[in-house]
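Whatever this is, show me its structure:
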Amino acid sequence: MRTILGEFLAIDRKSRTYAIAQVLKNRPVDVRICDFDDVVIPLTAEEAMLEASRCIQCPDPAPCMLACPVHNDIPSAMWLIEQGEFLEAARLYRQSSSMPEICGRVCPQEQLCQGSCAQTKAIAPVMTGALEAFVADYERASIGTSIPIGESTGKRVAIIGAGPAGMACAEQLVQMGHQVVIFESKPGPGGLLTYGIPGFKLPNEVVFARITDLENAGVQFEFNTYIGKDKTIDDLFEEGFHAVFVGVGTEIDAPMEVPGEDLPGVYKATEFLMRANVEPELLPENLREKPIVGKRLVVIGGGDTASDCLRSALRLGAEEVTCLYRRTEKEMPGGRYDRELAREEGAQYQFLTQPVRFIAGNDGRLKQVECIQMVLGEPDAKGRRKPVPIEDSNFIVEADCAVTAVSYWPDPIIMESTPGLKTDKWGLIFVDEKTGATSKPGVYAGGDATTGPSLVVTATAAGRKSARAIDEYLSSLD
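Down below sits the predicted model:
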């Protein structure tokens, strides 16, 4: 497609550079905080065409393509959208992405494609993510979507984890003709997409529509099946599977290791988001009640999960919601856009603050959080300035509820139950970067279980990469 656009490279870039940028609209704050529905008002066809027309068609390799982990051909897609060829643009995205309707919504575009847009230096970057979601939604609404099914190879692949890495791997494998079964420990599909990302950012119907595409293509789902407990990877091979892909993510909340962390009213982020956002029938029985947020709630952490918890708490009725973060906003790993929405909805931020103790009231539930003030010292191994506590600066924050969203680890059970599967000290699986192959023959892995907490799009890219490697491996068995 990019070669076709060669004749258009002499377009009037100056007029495009200073064209009026469209603005992504959200539902009014006083309306959207009353529910968990999508906050974004979808673009109209005219708005999408106008926004796409701002793309100046950078020569290959375009910065936005290089910044995209799945390397979507964004300039070509922008050209097609500008011409009103929405279906062609959607088909182009699906050549490189297994879930454009999802990545277009949840990717931190300001750090990836949109952040690399040449238009950033002029007025504003092109809204690449919103346009990706627009054409994917347009395709589904107008003609529907389907996954092509390849000629059967007679090979069976087991995928552990129904999250983005597993979904992407399955979407590719069925096109290659392999039979795929996805094993999921939870009662429903989607992994992080369903259980970790609130509906106001990613509506469930968007995720479940893609799940239906996979089912229609022949992918089977086995829910409430905990690999490592109910059966092992070696059991899967004995059952006749020829290869296994592990995409279990990192769903174990890292402890803060401070006194009072186990008090009633102190939640781990994963449990809090599941109980706050997911329909009861998709949850284990012990997690079906909504969390009790009280009047004052604090969230500890600075990533996207912290923003999700802040915004969820406001929708659950908390009156004062505050994020406690031990560095400054500049060092926060989460997306700026999500923080802006959280502030609009009423969340507050308290920086250079480190909780050191959770204190119970007379009823045994959380009442206060003891904190200490921090100052930024020398950079750590990753280049981030290390927070250093200020001696004798302890103070109290009143709180009826606290949510810890500090870090996440992989579930060690698969590693512990799989002889020959090498992991690092954190439990992350060692893989070949080019193929996703693990140390155990026939077993591949990708996503957060190999990298640590990362992005939906990087997990998607890993699943697709491993699918290609698995296909080659299965061919070698013949």
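
Quick check: closest non-adjacent residue to M332.
Using CB to CB, 6 or more residues apart in numbering and skipping residues adjacent in sequence, the residue nearest M332 is G302, 4.0 Å away. From N, CA and C alone the C-beta is placed, and that goes for glycine too.

Just to be sure, the one you found is in a helix?
No. G302 is assigned coil when assessed by DSSP: H, G, I helix; E, B strand; the rest coil, not a helix.

List the contacts of it.
C323, Y325, R327, E331, M332, P333, G334 (CB atoms under 8 Å, 6 or more residues apart in numbering).

The same query, at a cut-off of 10 Å, please.
323-329, 331-334, 339, 349, 351, 405-406 (CB atoms under 10 Å, 6 or more residues apart in numbering).

Name the strands paired with the top strand by length along the chain and say parallel or antiparallel.
Counting by DSSP state E, the longest strand found in the chain is strand 366-379. Paired strands of strand 366-379, with direction, are strand 353-360 (antiparallel), strand 385-389 (antiparallel), strand 395-398 (antiparallel) (DSSP bridges).

Low-confidence stretches in this structure?
1-15, 17-19, 122 (pLDDT under 70).

Show me it divided up by domain.
Domain assignment for the chain by automatic domain parsing gives 4-142, 156-251+410-477, 256-408.

winner for burial among those domains?
When the domains of the chain are scored by mean count of other CB atoms under 10 Å, the highest mean neighbour count falls to domain 156-251+410-477 (a mean of 21).

rewinding a little: between the contacts of G302, which sits nearest C371?
L324 (6.6 Å; CB to CB).

just to revisit the earlier point, tabulate the strands paired with strand 366-379 in a markdown table, adding columns for distance to P441.
As requested, those are exported to a markdown table (distance: least, CB to CB, whole Å):
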| stretch | distance to P441 |
| --- | --- |
| strand 353-360 | 46 |
| strand 385-389 | 42 |
| strand 395-398 | 52 |
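
Could you work out which of those reaches nearest to T435?
Closest among those, once you apply CB to CB, is strand 385-389, at 35.9 Å.

Can you tell me the element D392 falls in?
Using DSSP states H and E, D392 is not contained in any helix or strand.

That one and I372: what is the separation?
For D392, the distance to I372 equals 9 Å [CB to CB, to the nearest Å].

and what of A402?
For A402, the distance to I372 - CB to CB - is 16 Å.

V388 too?
10 Å.

swap in F134?
Relative to I372, and taking CB to CB, F134 is found at 47 Å.

Then E257?
15 Å.

Please apply the same query to D338.
Separation of D338 from I372 (CB to CB) stands at 27 Å.

same deal with G452?
27 Å.

again with D432
Distance, D432 to I372, by CB to CB: 43 Å.

now swap in V298 and tell me
For V298, the distance to I372 equals 14 Å [CB to CB].

which helices and strands sit right next to the longest helix seen in the chain?
Determined from DSSP state H, the single longest helix within the chain is helix 456-477. In terms of contacts (3 or more CB pairs under 10 Å, 6 or more residues apart in numbering; DSSP states H and E), helix 456-477 is packed against helix 86-96, helix 100-106, strand 156-160, helix 164-175, helix 192-195, strand 243-246, strand 443-445, helix 448-451.

For I359, find the nearest of those.
helix 192-195 (30.3 Å).

got the contact list for D30?
E345.

does it sit in a helix, a strand or a coil?
Quick answer, by three-state DSSP: D30 is helix.

separation between it and E345?
Counting by CB to CB, the gap from D30 to E345 is 9 Å.

do the same with I182
In terms of CB to CB, I182 sits 35 Å off from E345.

can you check E331 too?
23 Å.

Dump the helix or strand hosting D234 to PDB, keeping only the CA atoms.
D234 is part of helix 233-238, with elements assigned from DSSP H and E. The C-alpha trace of helix 233-238 is given here as PDB (Å, rounded to 0.1, in the frame of the first residue of the first chain):
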ATOM      1  CA  ILE A 233       1.700 -28.700  30.600                       C
ATOM      2  CA  ASP A 234       3.100 -32.300  30.400                       C
ATOM      3  CA  ASP A 235      -0.500 -33.500  30.700                       C
ATOM      4  CA  LEU A 236      -1.500 -31.400  27.700                       C
ATOM      5  CA  PHE A 237       1.200 -33.100  25.600                       C
ATOM      6  CA  GLU A 238      -0.100 -36.500  26.800                       C
END
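
now the strands for the stretch 201-350 of the chain?
In the stretch 201-350 of the chain, the strands defined using DSSP state E, counting those that start in this stretch lie at 220-222, 243-246, 252-253, 266-268, 296-300, 320-324, 348-350.

Tabulate the ones you listed (JSON lines), appending distance to K440.
Shown next, in JSON lines, are these (distance: least, CB to CB, whole Å):
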{"stretch": "strand 220-222", "distance to K440": "21"}
{"stretch": "strand 243-246", "distance to K440": "8"}
{"stretch": "strand 252-253", "distance to K440": "22"}
{"stretch": "strand 266-268", "distance to K440": "30"}
{"stretch": "strand 296-300", "distance to K440": "37"}
{"stretch": "strand 320-324", "distance to K440": "41"}
{"stretch": "strand 348-350", "distance to K440": "44"}
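
closest one to V278 among those?
strand 266-268 (14.3 Å).

Which elements pack onto that closest one?
So strand 266-268, by 3+ CB pairs under 10 Å, 6+ apart, packs with strand 252-253, helix 269-277, strand 296-300, strand 366-379, strand 401-404.

Nearest to K201, out of these?
helix 269-277 (9.7 Å).

so the closest one versus strand 296-300, what angle?
With axes from the mean of the first three to the mean of the last three CA atoms, to 10 degrees applied, the angle from helix 269-277 to strand 296-300 works out at 140 degrees.

what helices or strands is helix 269-277 leaning on?
helix 192-195, strand 252-253, strand 266-268, strand 296-300, helix 304-315, strand 401-404.

Mind listing the strands the last one pairs with, and their directions?
Meaning strand 401-404. Strand 401-404 has these strand partners (DSSP bridges): strand 266-268 (parallel), strand 296-300 (parallel).

how about the ones you listed in CSV, adding distance to S97?
What follows is the strands paired with strand 401-404, written out as CSV (distance: least, CB to CB, whole Å):
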stretch, distance to S97
strand 266-268, 31
strand 296-300, 31
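
out of the ones you listed, nearest to D424?
strand 266-268 (22.7 Å).

Name the surrounding residues that touch that closest one.
Taking CB under 10 Å, 6+ apart as the rule, strand 266-268 contacts 252-256, 258, 260-261, 272-276, 291-293, 297-300, 309, 313, 358, 360, 365-366, 369, 399, 401-406, 408.

Now with 8 Å, please.
With CB under 8 Å, 6+ apart, strand 266-268 has contacts from D253, G260, P291, F358, L366, C401, A402, V403, T404.

So which of those residues is the closest to A469?
Of all these, D253 has the smallest distance to A469: 31.1 Å, by CB to CB.

so that closest one makes contact with V403?
No. Contact between D253 and V403 fails when scored by CB atoms under 8 Å: they sit 9.8 Å apart.

Now do the shared contacts for the two.
Joint contacts of D253 and V403 (CB under 8 Å, 6+ apart) are K268, A269.

In JSON lines, list the helices and strands packed on helix 269-277 along with distance to A130.
As requested, the helices and strands packed on helix 269-277 are exported to JSON lines (distance: least, CB to CB, whole Å):
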{"stretch": "helix 192-195", "distance to A130": "18"}
{"stretch": "strand 252-253", "distance to A130": "31"}
{"stretch": "strand 266-268", "distance to A130": "32"}
{"stretch": "strand 296-300", "distance to A130": "27"}
{"stretch": "helix 304-315", "distance to A130": "18"}
{"stretch": "strand 401-404", "distance to A130": "29"}
